[in-house]
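A.B. asks: sequence and predicted structure are below.
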Amino acid sequence: MIIRMRFIIAAFLFITTLDHAFAVTDSLIIKGRIQNLNGRLYRQAPFITFSRNNILQPQSELSKQASLEADGSFRVSLPMLFPQEEIYVDYGGKAFTTFLGSPGTVEVTFNGDSIGKAKKLFYFAGVNADANNQYPLYLAAESQRLNSSRTLGLDFFKAFWEKSPSDARFISEQRAELRLGSVQAATQKTVASPALYQWIKSVTDEEQMQILYEHALANQYQPAKYLIDSLKRLNKAPLTGQRVIWANRFGNYADIMVESKKIDNPSRTNSLPVKLMATLIRDNATRLTAEERQHLNDIVANGVSEKAELDFMNKLFARNETVMNLLFNFERESRIYSDLYDSTATEFLKVRYLAKNFYKYTYKHQELLSRHIQSRTGIPQFKQSLDEIVKLELKDSSDIRKLIEFRNIKTDPTEALPGYYLAASNDRGNSWFNRILDGLKGKTIYLVKWNIDDAKSREELDFIPELQARLPEDIVFLYIHLSADEYPVSDALIRQYMVRHRLKGVHMSVDDTQMMDLLFKLNPLDAATFSIIRPNGKFASKNAPAPSAMEKTAQAILEASRQ
């Protein structure tokens with residue numbers, strides 16, 4: 001089955017911003033009609049949502065809503081970074097499909113009376129129409145073929161991770177061939193669309209690459225050369241949900257290789273060429289005199305021959321230390337990428353550098369680093385992908401600034417922005433937490449324990465806006481940011497993260513002493529753990545399901561609210 005990138009940041013988060021996310025060069029016009037749209041259906045879902053992927057952002061889709069006219073017609077445009085991209089349709093949670101989009105126009109029609117009844121609901125005209133109309137037939141054939149082969153279907157992953165690298169490659173190739181063969185099986189009575197075949201071949205090939213990278217990660221071995229060579233296709237069409245997952249798995253593997261390289265050769269990985277350092281200082285340092293700029297130009301042209309020139313550069317570095325560290329750290333890592341991989345993979349890792357580290361930087365530094373990385377990147381799709389998600393990060397800058405500048409924080413929660421409540425105290429952890437609970441008595445609470453530096457926390461928090469959308473408004477989300485083990489986290493970065501990821505609710509941050517005091521009451525007191533508290537203040541569950549277990553978690557919260 002094609003993997004749909006429905007990684008749960010609610011669609012409305014991006015609806016008003018996608019048009020302005022970057023300078024659009026190509027667009028897909030989507031128009032169509034819901035036939036027999038009655039009043040009841042319209043009231044339940046007055047719009048239809050179209051989503052696409054960004055290769056740098058595996059946890060979410062970028063979405064736009066098209067309002068329905070009285071006759072059921074709609075029209076919307078989506079930017080296209082790749083010549084072909086998977087597009088996802090969601091009509092109010094009632095009807096879903098995936099289609100292949102390209103610059104141009106596509107028409108989508110379906111019958112409102114047939115929702116939940118018809119085997120084939122959606123019909124397409126325009127670009128890629130043949131592929132999109134045959135796609136449901138492919139899905140049905142693929143499902144049948146996978147169900148008929150337990151080894152390559154339902155039971156495929158049961159013994160996969162214990163296999164040798166050669167056996168893992170062999171069986172993953174068999175699975176890919178079985179899936180791709182579903183195109184021919186589905187189109188025996190017609191001519192198979194070449195676009196459908198290439199689309200599905202891309203998906204099946206890249207699923208194989210994804211799971212082989214996961215196999216290498218799980219068993220700690222170097223992937224074969226053909227897997228490394230496959231990275232050259234990262235910027236090729238079509239962009240699919242499967243491509244984004246594969247790219248993310250490769251990125252995770254590359255992170256491990258980079259850290260290993262830093263340990264093996266610290267002298268190279270901690271240094272930069274003098275001419276590059278001089279260029280970075282010249283182009284990014286503030287308040288340079290004409291004489292200083294000329295001196296830097298001379299170093300860029302000729303290098304250094306005296307210690308005095310290094311001292312000169314160190315002085316300018318110290319004058320702009322924060323910005324220089326930002327750029328120098330990126331360039332050091334970029335140098336390692338070039339040592340490890342070919343140009344396409346290196347270009348991908350360079351733009352991914354900022355995407356994976358957004359939470360570490362203020363929005364001003366995100367913007368600065370984005371401009372620098374784009375200037376060092378030659379593949380248009382990657383540059384535009386980074387530009388798109390950076391603009392989405394920066395769109396909340398006004399609210400972020402207001403929350404960061406909010407100073408009227410008290411022991412009890414105070415609303416700093418609509419929906420965002422802050423509390424701070426030097427009291428003992430137990431007494432402060434109990435005071436917060438007393439103020440929330442009568443409310444059902446979903447307790448979120450997290451830390452911004454914890455990857456699992458960040459992954460789970462991305463699911464919270466949709467979880468909140470599924471629950472009554474009187475359910476309270478109480479966030480406790482746990483003290484970091486090594487370095488204190490900037491309060492400004494935490495507040496920026498709250499706004500950017502729509503973490504509405506009550507926010508507390510506890511230090512090491514308060515954590516020790518809360519250790520028994522909130523056990524387990526680990527990042528990315530969750531609890532549910534009944535309206536009477538008693539725990540319904542100290543180890544509740546995570547936001548990613550959407551249905552299970554929502555049900556558990558609702559059950560607690562009725563007790």
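C.D. replies: Everything's here; your move.
A.B. asks: contacts, neighbours, all on C-alpha from now
C.D. replies: Fine.
A.B. asks: residue 300: what's it in contact with?
C.D. replies: Applying C-alpha atoms under 8 Å, 6 or more residues apart in numbering, we find residue 300 in contact with 274-276, 278-279.
A.B. asks: which residue is most remote from the mean position of the protein?
C.D. replies: Distance to the chain centre peaks in the chain at residue 306, reaching 47.0 Å (criterion: C-alpha atoms, centre = their mean).
A.B. asks: show me the helices in the stretch 101-250 of the chain, by range?
C.D. replies: Applying DSSP state H, counting those that start in this stretch to the stretch 101-250 of the chain gives helices spanning 129-148, 165-186, 194-219, 225-229, 241-264.
A.B. asks: next SSE after the lowest-mean-pLDDT helix or strand in the chain?
C.D. replies: Of all helical and strand segments in the chain, the minimum by mean pLDDT, DSSP states H and E falls on helix 266-269, at a mean of 81. Next in sequence after helix 266-269, counting helices and strands by DSSP states H and E, comes helix 274-284.
A.B. asks: buried residues, the least confident helix or strand of the chain. List them.
C.D. replies: By neighbour count on 16 or more other C-alpha atoms under 10 Å, the buried set for helix 266-269 is residue 269.
A.B. asks: flag the shaky bits of the protein, pLDDT-wise.
C.D. replies: Scanning the chain for pLDDT under 70 picks out the ranges 1-25, 58-61, 485-487.
A.B. asks: could you give the separation of stretch 518-530 from the chain centroid?
C.D. replies: Relative to the centre of its chain, stretch 518-530 is centred 26 Å away, using C-alpha atoms, centre = their mean, to the nearest Å.
A.B. asks: measure it end to end?
C.D. replies: Taking C-alpha to C-alpha, to the nearest Å, stretch 518-530 runs 14 Å from one end to the other.
A.B. asks: and it, what's buried?
C.D. replies: In stretch 518-530, counting by 16+ other C-alpha under 10 Å, buried: 518, 522, 524-525, 527-530.
A.B. asks: so residue 184 sits right up against residue 192, yeah?
C.D. replies: Yes: assessed by C-alpha atoms under 8 Å, residue 184 is found in contact with residue 192 at 6.9 Å.
A.B. asks: quick one, what contacts the residue lying closest to residue 97 once chain neighbours are set aside?
C.D. replies: In this structure, residue 97 finds its nearest non-sequential neighbour in residue 89, 5.2 Å apart by C-alpha to C-alpha, 6 or more residues apart in numbering. Going by C-alpha under 8 Å, 6+ apart, residue 89 touches 48-51, 95-99.
A.B. asks: quick check: bridge partners of residue 89?
C.D. replies: residue 50, residue 97 (DSSP bridges).
A.B. asks: what's the distance between it and residue 136?
C.D. replies: To residue 136, residue 89 is 14 Å away according to C-alpha to C-alpha.
A.B. asks: what segments of the stretch 301-450 of the chain are strands?
C.D. replies: For the stretch 301-450 of the chain, strands defined by DSSP state E, counting those that start in this stretch occupy the ranges 414-417, 420-422, 445-450.
A.B. asks: would you reformat those as JSON lines and include distance to residue 472 and mean neighbour count?
C.D. replies: Converted to JSON lines, the strands of the stretch 301-450 of the chain look like this (distance: least, C-alpha to C-alpha, whole Å; neighbours: other C-alpha atoms under 10 Å):
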{"stretch": "strand 414-417", "distance to residue 472": "19", "mean neighbour count": "17"}
{"stretch": "strand 420-422", "distance to residue 472": "17", "mean neighbour count": "21"}
{"stretch": "strand 445-450", "distance to residue 472": "12", "mean neighbour count": "24"}
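A.B. asks: helix or strand for residue 527, which one?
C.D. replies: Applying DSSP H and E, one finds residue 527 in no helix or strand.
A.B. asks: same deal with the one 5 residues further on?
C.D. replies: Mapping residue 532 onto the secondary structure by DSSP H and E places it in strand 529-533.
A.B. asks: quick one: that strand to chain centroid distance?
C.D. replies: Taking C-alpha atoms, centre = their mean, one finds strand 529-533 lying 24 Å from the centre of the chain it belongs to.
A.B. asks: sorry, back to before: what's the distance between the residue farthest from the centre of the chain and residue 255?
C.D. replies: Counting by C-alpha to C-alpha - residue 306 and residue 255 are separated by 37 Å.
A.B. asks: also residue 201?
C.D. replies: As judged by C-alpha to C-alpha, residue 201 and residue 255 stand 28 Å apart.
A.B. asks: check residue 109 too.
C.D. replies: 44 Å.
A.B. asks: who has more neighbours, the two?
C.D. replies: Between residue 109 and residue 255, counted using other C-alpha atoms under 10 Å, residue 109 has the larger neighbour count: 18 against 15.
A.B. asks: right, and that one touches residue 33 too?
C.D. replies: Yes: the criterion here is C-alpha under 8 Å, and residue 109 meets it with residue 33 at 5.0 Å.
A.B. asks: tally of neighbours for the nearest residue to residue 55 once chain neighbours are set aside?
C.D. replies: Nearest non-adjacent residue to residue 55, counting by C-alpha to C-alpha, 6+ apart: residue 244, 4.9 Å away. Applying other C-alpha under 10 Å, we find 22 residues neighbouring residue 244.
A.B. asks: in contact with residue 244, which residues?
C.D. replies: With C-alpha under 8 Å, 6+ apart, residue 244 has these contacts: 53-58.
A.B. asks: contacts only, for the closest residue to residue 348 other than its chain neighbours.
C.D. replies: Of all residues not flanking residue 348 in the chain, residue 382 sits nearest, at 6.5 Å (C-alpha to C-alpha, 6+ apart). Contact analysis of residue 382 by C-alpha under 8 Å, 6+ apart lists 235, 347-348, 351.
A.B. asks: format the residues you listed as CSV; extra columns: neighbour count and distance to residue 547.
C.D. replies: Below are the contacts of residue 382 laid out as CSV (neighbours: other C-alpha atoms under 10 Å; distance: C-alpha to C-alpha, whole Å):
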residue, neighbour count, distance to residue 547
235, 20, 32
347, 24, 33
348, 24, 30
351, 24, 29
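A.B. asks: now those as TSV including distance to residue 500?
C.D. replies: Putting those into TSV (distance: C-alpha to C-alpha, whole Å) gives the following:
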residue	distance to residue 500
235	28
347	26
348	24
351	20
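A.B. asks: take these and keep only those in helices.
C.D. replies: Of those, the ones assigned to helices by DSSP state H are 347-348, 351.
A.B. asks: which one of those is nearest to residue 538?
C.D. replies: residue 351 (46.7 Å; C-alpha to C-alpha).
A.B. asks: which residues touch the closest one?
C.D. replies: Here residue 351 is in contact with 56, 373-374, 377, 382-383, 386 (C-alpha under 8 Å, 6+ apart).
A.B. asks: okay then, goodbye and thanks.
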